[in-house]
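[1] this one's structure only:
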């Protein structure tokens, strides 16, 4: 038997080398791919909800992620209030030809993405959105919110 193996190694050196190389590569690939795990849909978290005007909340390993769009976003950071600051800040304005105007207004610690007829807080109603600004009203007064200069 030893003589047969010695004869094989002496006469077919290239073939033996290629076979050994294939065996090593096969073992390496088996070890490399045996440690991988593929993610299926059953591994994804089920604790999310989505609606037309709501964000998607996903919790993963204790971290919470909110995916936009959101109509109202809270400012969770503790900030010092400026007593001379106006209660409303116009952050953005989108004026469309078809009348579907949209405004972004900051009020207290929240930012509102609104269109005409929407409410801001419990008091204010958006009456009109124009290039000049946003007209808000409540039962007693009207206020025109414009971009800060």
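    Done, it's in. It should be emphasised that the depicted structure is a prediction, and the values quoted were computed from it without experimental measurement.
[2] need the helices for the protein, in chain order.
    Secondary structure of the chain (DSSP state H): helices located at 2-11, 13-34.
[3] other residues contacting the first one?
    So that's helix 2-11. residue 16 (Cβ atoms under 8 Å, 6 or more residues apart in numbering). (C-beta placed from N, C-alpha, C; glycine too.)
[4] quick check: domain ranges of the protein?
    2-34, 43-70, 72-145 (automatic domain parsing).
[5] residue 125: how many residues sit nearby?
    16 (other Cβ atoms under 10 Å).
[6] isn't it right up against residue 139?
    No. With contacts counted by Cβ atoms under 8 Å, residue 125 stays clear of residue 139, the gap being 9.4 Å.
[7] worst mean pLDDT among the domains of the chain?
    Of all the domains of the chain, mean pLDDT reaches its minimum on domain 43-70 (a mean of 54).
[8] returning to that earlier point: CSV please, covering the helices of the chain and showing mean neighbour count.
    As requested, the helices of the chain are exported to CSV (neighbours: other Cβ atoms under 10 Å):
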stretch, mean neighbour count
helix 2-11, 9
helix 13-34, 10
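[9] okay, these in TSV with distance to residue 112 next?
    As requested, the helices of the chain are exported to TSV (distance: least, Cβ to Cβ, whole Å):
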stretch	distance to residue 112
helix 2-11	82
helix 13-34	52
